[in-house]
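# What follows is a protein structure lacking sequence information:
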């Protein structure tokens, strides 16, 4: 049977999701706000794919943009609900459940409020275990599909008269950039519901159990917190089979907000043999060692932590900060078909000026 999500699950989802956020993935406070609203206004229910009939409609709840603190965004819980309603109207059928495109500081909880208010299930499956910069990377392999899909978005800064609602139909690769442009026009962050597909497709293409993994990681972190930062870092490594691959003072952070609504740049930590260079596009996408050798690449989990084991968003990393670099190899996480799709990599490689696909697509 499904699991009714409670207030203690909110904190676990935010803390576990924040590790999988990989330096991006929204805001912890936004996640707490969404989750607390959801579990107090209704009874959001987490279900596994085993509990869902093959012909049920499942859509992806996602926030689009780059809320790294560099823009004037506004996102309200009602925006996530409105986006689902827009898709249901366009589809002419009820959405049975919502998956998320990625885990993150707030994105792990994207489906909770619609579940509480509309009765859609929170499905324990994700488009990507970790956070990523483009919608295609969490699109369950639909990025190069010619099939017309429905995508809707709602939100924006009301005070600036930047609130936008839109419904678009077309091949995912053609309509995803429309939603990203709407995000930019609305203030840099917008709620979306997109790509309704049958449950049978999700079962085959999603990373199953991804929300459960974030909750279990969050529970391990909470259990370790009383013992101090070292215990938290150990708990994170143990729960994920991950490891610390670098540490040191931040030397520079060149992150800049682009017109495409991405935060792009590099973060350098440590010196001499301990130097690490992190390539960032909203999230940490690759790490090079002091010799320029690649030691971590998407879809690996790559997260910056402070000494207390608390994740630090890419946009919040400042020169002089002491940072730990946490890594989980892709072999130790379930992977969706999106991350095995060669079509999703060229825009990211172009923005970063490095190769990602060579590693991501290697067996």
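Thanks, I have the structure now. Just so you know, these numbers come straight off a predicted model, no measurement behind them.
# Could you pull up the residues touching residue 148?
Residue 148 makes contact with 169, 170, 171, according to Cβ atoms under 8 Å, 6 or more residues apart in numbering. In this view, the C-beta of every residue, glycine as well, is placed from N, C-alpha and C.
# which stretches of the stretch 51-200 of the chain form helices?
Secondary structure of the stretch 51-200 of the chain (DSSP state H, counting those that start in this stretch): helices at 77-91, 112-118, 172-186, 199-205.
# rank those by mean pLDDT and give me the bottom one.
Ranked on mean pLDDT, the bottom entry among the helices of the stretch 51-200 of the chain is helix 172-186, at a mean of 90.
# for the helix or strand harbouring residue 218, the distance to its chain's centre please.
According to DSSP states H and E, residue 218 maps onto helix 210-224. From the chain centre to the centre of helix 210-224 is a distance of 16 Å (Cα atoms, centre = their mean, to the nearest Å).
# tell me what that helix is packed against?
helix 7-20, strand 121-126, helix 229-240 (3 or more Cβ pairs under 8 Å, 6 or more residues apart in numbering; DSSP states H and E).
# Adding distance to residue 348, write these out as JSON lines.
Shown next, in JSON lines, are those (distance: least, Cβ to Cβ, whole Å):
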{"stretch": "helix 7-20", "distance to residue 348": "18"}
{"stretch": "strand 121-126", "distance to residue 348": "19"}
{"stretch": "helix 229-240", "distance to residue 348": "23"}
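# Which of the ones you listed has the highest mean neighbour count?
Across the helices and strands packed on helix 210-224, averaging neighbours per residue (mean count of other Cβ atoms under 10 Å) puts strand 121-126 on top, at a mean of 28.
# about what we covered before: drop anything exposed from the contacts of residue 148.
Among these, none counts as buried by neighbour count (16 or more other Cβ atoms under 10 Å).
# Can you lay out those residues as JSON lines showing pLDDT and distance to residue 357?
As requested, those are arranged in JSON lines below (pLDDT from 0 to 100; distance: Cβ to Cβ, whole Å):
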{"residue": "169", "pLDDT": "98", "distance to residue 357": "29"}
{"residue": "170", "pLDDT": "96", "distance to residue 357": "25"}
{"residue": "171", "pLDDT": "94", "distance to residue 357": "21"}
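# before we move on, the earlier item: and the helix holding residue 218, what's buried?
For helix 210-224, using 16+ other Cβ under 10 Å, the buried residues are 210-215, 217-222, 224.
# try stretch 271-289
For stretch 271-289, the neighbour count (16+ other Cβ under 10 Å) marks 275-289 as buried.
# Hmm, which of the residues you listed is lowest in pLDDT?
Lowest in pLDDT among the buried residues of stretch 271-289 is residue 282, which has 92.
# Point out the most buried one among the helices of the stretch 51-200 of the chain.
When the helices of the stretch 51-200 of the chain are scored by mean count of other Cβ under 10 Å, the highest mean neighbour count falls to helix 112-118 (a mean of 25).
# Could you pull out the strands in the stretch 201-350 of the chain for me?
207-208, 243-253, 256-257, 263-269, 276-281, 283-288, 294-297, 301-305, 322-328 (DSSP state E, counting those that start in this stretch).
# And those strands, which one averages the lowest pLDDT?
Across the strands of the stretch 201-350 of the chain, strand 256-257 gives the lowest mean pLDDT, at a mean of 88.
# Now do that one: which elements does it pack against?
Helices and strands touching strand 256-257, by 3+ Cβ pairs under 8 Å, 6+ apart, are strand 263-269.
# partners of the strand it packs on, with directions?
The strands beside strand 263-269 in its sheet (DSSP bridges) come out as strand 243-253 (antiparallel), strand 256-257 (antiparallel), strand 276-281 (antiparallel).
# circling back: can I get the helices and strands packed on helix 210-224 in a markdown table including mean pLDDT and distance to residue 296?
Formatted as a markdown table, the helices and strands packed on helix 210-224 follow (pLDDT from 0 to 100; distance: least, Cβ to Cβ, whole Å):
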| stretch | mean pLDDT | distance to residue 296 |
| --- | --- | --- |
| helix 7-20 | 98 | 14 |
| strand 121-126 | 98 | 20 |
| helix 229-240 | 98 | 14 |
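# Go through those and name the closest to residue 104.
helix 7-20 (5.4 Å; Cβ to Cβ).
# Not counting its own residues, what contacts the closest one?
Contacts of helix 7-20 (Cβ under 8 Å, 6+ apart): 5, 25, 28, 31-32, 35-36, 38-40, 102-109, 129-131, 211, 213-219, 221-222, 236, 240, 301, 303, 310-311, 326.
# Centre of the chain to that helix, how far?
With Cα atoms, centre = their mean, you get 13 Å for helix 7-20.
# okay, the angle between it and strand 322-328?
Interaxial angle, helix 7-20 versus strand 322-328 (axes from the mean of the first three to the mean of the last three Cα atoms, to 10 degrees): 90 degrees.
# need the next SSE after helix 7-20, C-terminal direction.
helix 28-41.
# in stretch 239-249, what counts as buried?
By neighbour count with 16+ other Cβ under 10 Å, stretch 239-249 contains the buried residues 239, 240, 242, 245, 246, 247, 248.
# closest to residue 64 among those residues?
Taking these together and measuring to residue 64 by Cβ to Cβ, the closest member is residue 240, at 26.7 Å.
# which ones are touching that closest one?
19, 217, 301, 328, 332.
# Please name the residues that touch the second one.
Listed by Cβ under 8 Å, 6+ apart, the contact partners of residue 217 are 12, 15, 16, 19, 20, 236, 239, 240.
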